Structure formats: structure tokens, C-alpha cells
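J.: Here you go, sequence then predicted model.
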Amino acid sequence: MNNNSISALIVGYGSIGKRHTGNLRTLGVDDIYICDPYIDSLASESDLKNSSGVFLDIDSALSFVNFDIALVCSPPYLHVEQTKKLLSSNVNVFVEKPLSNTLENIDDLVALSKNKNKVVQIGYNWRFYKGLKFIQEILNKGSIGRILWVRSEFGKYLPEWRPQQDYRNNYTAIKSEGGGIIFDASHELDYLKWLFGDIHSVFCVSDRLGDLDIDVEDTASIILNFSSGCIGEVHLDFIQRTQTKSCKIVGSEGTLFWDYNGEESSISIFDSKTNETEKFDMSCDPNDKYIDELESFLDCVKNKRSPIVDLGNAIDTLKIIMAAYESSDKGVPVYI
């Protein structure tokens with residue numbers, strides 16, 4: 001199977017659906033259909049002209065075309081049911097993060113996935129970013145010793161996140177659709193578990209602190225207790241006017257600091273034995289990780305192998321997310 005012979009369906013044509021469509025074309029996939037009930041207000045004349053076809057719902061699409069792959073780019077509350085429909089029609093599925101806004105019906109999805117033996121990959125694309133892969137190499141080498149604690153931060157002003165759309169109308173601002181900073185910035189929770197292993201308890205404080213017109217939390221501070229003994233701190237918010245994305249890792253023999261600002265990114269490593277700091281340039285095109293995750297997905301489909309970010313990984317991250325919400329509601333740590 002060559003990329004130019006693959007038939008693809010994009011489910012949800014918001015900003016991420018459009019990005020994935022363009023990236024599939026870059027990778028040589030040209031037979032692309034679009035599915036969205038609001039397609040008239042989302043797609044340009046050029047989008048419609050370049051697509052192989054347009055549908056308002058998945059059932060209509062599946063009755064018309066035998067798709068090889070589908071990319072679920074809809075709001076999180078729709079992900080599980082849409083993925084189940086696609087799997088039932090023997091379609092390989094790429095699902096945007098988070099997997100869902102609830103743990104309900106997850107077991108049914110897992111059972112169906114095993115029965116159909118199709119690829120299901122989740123869009124936690126920071127695992128494909130070269131800076132985090134470099135950090136993983138440093139940790140595996142033990143270069144900064146035993147990991148003691150880590151602090152991760154992400155902040156960006158929500159109205160500037162997707163400037164082409166009124167933020168109040170996006171699922172991110174709507175609780176019932178899977179909005180909120182913890183859901184939407186769950187990349188941080190995912191990559192921390194990927195780098196540092198299992199998490200056995202979560203404590204979270206979250207609230208709506210700013211003046212945004214949303215019905216979800218805009219700020220969260222989360223404490224993670226890792227099974228290794230490492231302690232993690234995560235700060236997430238929608239209210240910083242300057243974008244912040246960073247991670248500080250303190251070990252028994254050194255400290256690593258990752259600073260990310262779009263195309264510019266660097267990692268500094270302090271060696272406590274030599275008192276020297278070495279800095280590494282990790283700058284790259286922000287779109288690279290999106291390209292790489294889709295390239296990996298297509299390779300999994302063609303070679304029938306398991307994806308780097310599979311259902312099990314996404315469910316683990318979803319359990320951390322739900323534990324954070326439960327902890328914030330009850331004011332106590334939640335054990336996973």
C-alpha cells in the first residue's frame with residue numbers, strides 16, 4: 001500500500017482537522033474526504049474543491065466509501081463513539097487527544113479494537129518532538145542521576161490559541177464537550193508519564209481565575225506522585241498573555257531545563273560534579289511533530305504494527321486527567 005493509494009476521512013474540520021489534512025497531502029495522501037456537520041462555515045471554497053468528497057455525518061461517509069484510515073478531529077466528547085463506528089467498518093483510526101472526556105464506554109472501545117485488529121493511534125504528538133526524545137535519551141543514560149523532582153509548565157492566552165475562531169465557540173471553552181485546561185493541555189501529563197513512569201496519586205487545585213467567557217477551569221496546579229519516588233508539579237493555564245512551555249528536571253547529579261517557544265527551543269544540562277552547564281539547540285518547525293506522528297501512523301497501517309501512542313497509553317493519561325478533576329472537586333489526593 002502506497003500513500004497515494006490510501007483513502008482517508010477527516011472527521012471534524014476545525015483547526016486540527018485542517019492541519020492534518022494538509023500534512024496528509026504533504027505525505028502523499030491525496031484521496032481525502034471531509035466529514036463535519038458544520039462544513040459550510042468551516043471549509044473554504046478551495047478546501048471543498050480539493051477534497052474527494054464532503055459528508056455531514058460518519059454514517060453517510062461509511063455507506064459511500066471504504067476508507068483505509070480516518071482521523072477523528074472532533075470535540076473529545078464525540079471521540080469514543082465515532083471511533084467505535086469507524087472500527088466497526090474496519091477502518092484504521094487516528095484519534096486526536098484526549099481520547100475522551102470520560103472513562104465511560106472505554107472498555108467497549110478496547111474490546112472492539114482487539115476484535116477488529118486495526119491500528120488506533122492517539123494524537124499525543126509531543127512524544128515525536130525531538131527535544132523530548134533527547135530528554136528521554138539523557139534520562140536513560142542516567143546523566144543527571146536519580147530523578148528527584150520535575151516541574152512542567154504550559155500557559156497560553158486562550159483567545160490567541162486559535163485566533164481564526166471565537167474562543168467562546170470552541171469545545172475548549174465548553175465543559176460538556178470536553179473543554180478545560182486539564183483536558184486540552186493533557187500533553188504535559190502524557191509526556192511526564194512517558195518519561196518518568198507510573199503515577200500512583202494525583203492532587204489538583206483548579207479554578208477559573210481569569211475573566212474569559214468560559215464555563216471551564218482556566219488554571220490548574222497538579223502534584224503527581226510517581227511510583228519511582230519522583231515528585232512532579234504541573235502548572236497549566238489559559239490566561240498567560242505570553243506563551244510558556246517548559247520543563248525542569250532535578251536529579252541527584254544534575255539539572256535539566258527545557259525551554260520551548262515555538263520554533264525556538266533549547267535544553268540546558270547542569271552537571272553538579274563539574275559545575276558546568278551545556279546547552280543544546282532543539283529548534284525546529286512546530287509542525288514537524290504533527291508530520292512525524294502521521295508518518296508513523298501510516299507506517300503502522302501499512303506494516304500492521306502497534307503505534308507508539310496506543311489506546312493503552314491514552315487510557316493511562318485519561319485516568320490521570322480524571323483523577324485530577326476528582327481531586328480538585330473533593331480537595332483530596334486521588335489514588336490511581
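T.: Yep, that arrived. Numbers count the residues shown, from 1 in each chain.

J.: Quick check, pLDDT for the most centrally placed residue in the chain.
T.: Centre of the chain computed as the mean C-alpha position; nearest residue by C-alpha atoms, centre = their mean is Tyr124, 3.3 Å away. Predicted confidence (pLDDT) for Tyr124: 98.

J.: got a list of what it touches?
T.: By C-beta atoms under 8 Å, 6 or more residues apart in numbering, the residues touching Tyr124 are 97, 186-187, 190-191, 309, 313-314, 317. All C-beta spots, glycine's among them, are computed from the backbone N, C-alpha and C.

J.: pLDDT on stretch 212-226, on average?
T.: Mean predicted confidence for stretch 212-226 is 98.

J.: measure that stretch end to end?
T.: 33 Å (C-alpha to C-alpha, to the nearest Å).

J.: coming back round to it: from the contacts of Tyr124, which single one is nearest Leu256?
T.: Tyr191 (13.7 Å; C-beta to C-beta).

J.: Now that closest one: which helix or strand?
T.: Tyr191 is part of helix 187-196 when elements are defined by DSSP states H and E.

J.: Now do that helix: which elements does it pack against?
T.: helix 130-141, strand 147-155, strand 219-226, strand 231-237, helix 311-330 (3 or more C-beta pairs under 8 Å, 6 or more residues apart in numbering; DSSP states H and E).

J.: Check which element follows it along the chain.
T.: Next along from helix 187-196, by DSSP H and E: strand 199-207.

J.: Could you list the residues in contact with that next one?
T.: 180-182, 192-193, 217-227, 232, 320, 323-325, 327-328, 332-336.

J.: what do you get for stretch 213-223?
T.: 158, 167-168, 172-175, 179-182, 189, 202-210, 212, 231-239, 324, 328, 333.

J.: please redo it, this time with the cut-off set to 7 Å
T.: Contacts with stretch 213-223, where a contact means C-beta atoms under 7 Å, 6 or more residues apart in numbering, come from 168, 173-175, 179-182, 202-210, 212, 231, 233-239, 324.

J.: domain assignment for the chain?
T.: 3-124, 126-289+318-335 (automatic domain parsing).

J.: Following the chain onward from the least confident helix or strand in the chain by mean pLDDT, which element is next?
T.: Within the chain, no helix or strand scores below helix 39-42, which has a mean of 86 by mean pLDDT, DSSP states H and E. Note on helix 39-42: by DSSP H and E, the next helix or strand toward the C-terminus is helix 45-50.

J.: Name the residues of the very next helix or strand once past that next one that come out as buried.
T.: Once the chain leaves helix 45-50, the next helix or strand it forms, by DSSP H and E, is strand 53-55. Neighbour-count burial for strand 53-55, counted by 16 or more other C-beta atoms under 10 Å, picks out 54-55.

J.: ok, strand 53-55: who's next to it in the sheet?
T.: Applying DSSP bridges, strand 53-55 is found paired with strand 31-35 (parallel).

J.: that older thread, next one: the residue nearest to the centre of the chain from Asn140, what distance?
T.: Going from Tyr124 to Asn140 by C-beta to C-beta, to the nearest Å gives 19 Å.

J.: Then Ser186?
T.: Counting by C-beta to C-beta - Ser186 and Asn140 are separated by 24 Å.

J.: now do Thr219
T.: 33 Å.

J.: higher neighbour count, those two?
T.: Neighbours per residue, other C-beta atoms under 10 Å: of Thr219 and Asn140, the larger number sits with Thr219, 19 against 9.

J.: ok, so what distance separates that one from Ile16?
T.: Using C-beta to C-beta, Thr219 is found at 23 Å from Ile16.

J.: same question, Gly28
T.: Distance from Gly28 to Ile16, by C-beta to C-beta: 20 Å.

J.: quick one: which of those two has more around it?
T.: Between Gly28 and Ile16, counted using other C-beta under 10 Å, the more crowded position is Ile16 (18 against 12).

J.: returning to that earlier point: filter the contacts of stretch 213-223 down to the buried ones.
T.: 173-174, 179-182, 202-204, 206, 208, 212, 231, 234-239, 324.

J.: helix or strand for Lys114, which one?
T.: Here Lys114 is assigned to helix 106-116, by DSSP H and E.

J.: which secondary structure elements does the following helix or strand past that helix contact?
T.: Going down the chain from helix 106-116, the next helix or strand is strand 120-122, by DSSP H and E. Counting contacts by 3 or more C-beta pairs under 7 Å, 6 or more residues apart in numbering; DSSP states H and E, strand 120-122 packs against strand 92-95, helix 311-330.
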